[in-house]
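Novice: output the structure for:
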Amino acid sequence: MSTTNNKEKKYVVAGASTNLLLLVMKFYVAICAHSAALMADAIHSLFNLFGDGLAVAFMALNKRAKNDSHDYGYGRYATVMCLAISLVLFVAAFFWGFKCAGDFILFMQGVFPVNVRFAAIIAAVVSVFVLLALSRFAVRHAQQLNSDVLTRAAHRYDFDMWSSLGTFIVLLPVVIVAGKWKVLDVLAAMVICLFVMLEACRLFRNALDELLDKSLPEDTEADLAKLAAGVDGVEAVTGVLTRKVGGQMAIELNVTMSGEDSLDVIHQRVKEIKQLINDKYDQVTHLAVHVEPSNQ
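Specialist: Got it, this is the predicted structure:
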């Protein structure tokens, strides 16, 4: 497991490093080429970069040993980071989208923006191919390692790639034809900013749910109860309490067994329940099984 985590971290860091270079390139070209759409796409790439950073943070914090001051580990630190990053991204996308909305109003009043340079198209093309390569890289290693972390990274790269592809398509008439077509640059920027704001809201909601100890999905809780009930000697599962801690699961089960069974037998059944759950769910940071006698 440690080797797998180290490989996951290495691949995520490699993707994040490449994404950082791509991000700097898009910001620089967007400023020099006067492209609002490319700037919005760069903000979208910033979302992607923060996603890679959070993945590394989750792996590092979840790896830290529990201690007397943190009985459930350090996973909530990464959750707080999620909240902060989602707010930063929302504010950045909101203000850039607001600025573009102002530019659109000026355009409708006859004030044309500065011509977008051809370098913006080149940057968009480079972004599409780099993100496609990153996505394939993440998918390949996700399959090798059976890694949810890399699978989510691949989905982020795919989403960002489609954003860059849309930017490229919009920039073609903006740069080549210009004139009134330049309004597409501003409109595309507003649309991309809207998507970034929606993604930031989703990230904020998920982090807030975790901080407020929202339960895991009902089908997951039902599956946990089924696994426990399938162990010989377990007469009933009377409670399933779950929550997430730093992207991992904290689980408490209440089960009933015969009060006439010996402590050794009950202990073996509890070990079997835990083994079944840990075999199926590899992101369990806390697992407790409370046993009550059924004849009382």
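Novice: Ala153: how many residues sit nearby?
Specialist: 28 (other Cβ atoms under 10 Å). For glycine as for every other residue, the C-beta is placed from the backbone atoms N, C-alpha and C.
Novice: before we move on, what about Phe98?
Specialist: Other residues near Phe98 number 11, with proximity taken as other Cβ under 10 Å.
Novice: now Val91
Specialist: Other residues lying near Val91 total 12 when counted by other Cβ under 10 Å.
Novice: ok, it - contacts?
Specialist: Counting by Cβ atoms under 8 Å, 6 or more residues apart in numbering, Val91 touches no other residue.
Novice: tell me which helix or strand it sits in.
Specialist: Of the helices and strands defined by DSSP states H and E, Val91 is found in helix 75-108.
Novice: just the pLDDT for the residue lying closest to Ala119 once chain neighbours are set aside.
Specialist: With sequence-adjacent residues excluded and distances taken as Cβ to Cβ, 6 or more residues apart in numbering, Ala119 is closest to Ala33, at 4.5 Å. At Ala33, the pLDDT value in this model is 90.
Novice: from Lys26, how far out is Ala33?
Specialist: Between Ala33 and Lys26 the computed distance is 10 Å (Cβ to Cβ, to the nearest Å).
Novice: neighbour count winner among those two?
Specialist: Shown here are Ala33 and Lys26; by other Cβ under 10 Å, Lys26 has more neighbours (27 against 21).
Novice: next, that one: secondary structure please.
Specialist: helix (DSSP: H, G, I helix; E, B strand; the rest coil).
Novice: from Ala123, how far off is it?
Specialist: The gap separating Lys26 from Ala123 is 6 Å, by Cβ to Cβ.
Novice: all helices in the stretch 151-296 of the chain, in order from the N-terminus.
Specialist: Chain-ordered helices for the stretch 151-296 of the chain, with DSSP state H, counting those that start in this stretch as the definition, fall at 183-211, 218-229, 263-280.
Novice: report the angle between the shortest one and helix 263-280.
Specialist: Direction vectors for helix 218-229 and helix 263-280, defined by axes from the mean of the first three to the mean of the last three Cα atoms, to 10 degrees, enclose an angle of 140 degrees.
Novice: circling back: from the helices of the stretch 151-296 of the chain, which stretch is densest packed?
Specialist: helix 183-211 (a mean of 19; mean count of other Cβ atoms under 10 Å).
Novice: about what we covered before: which neighbours do Lys26 and Ala123 share?
Specialist: Applying Cβ under 8 Å, 6+ apart, one finds that Lys26 and Ala123 are jointly contacted by Leu38.
Novice: from the centroid of the chain, which residue is nearest?
Specialist: Gly51 (5.5 Å; Cα atoms, centre = their mean).
Novice: so what's that one closest to, chain neighbours aside?
Specialist: Leaving out its chain neighbours, the residue that sits closest to Gly51 by Cβ to Cβ, 6+ apart is Arg156, at 5.0 Å.
Novice: can you count the residues close to the one you found?
Specialist: Every residue meeting other Cβ under 10 Å relative to Arg156 is counted, giving 25.
Novice: from what I see, it and Leu49 are in contact.
Specialist: No - under the criterion of Cβ atoms under 8 Å, Arg156 lies out of contact with Leu49, with a separation of 9.4 Å.
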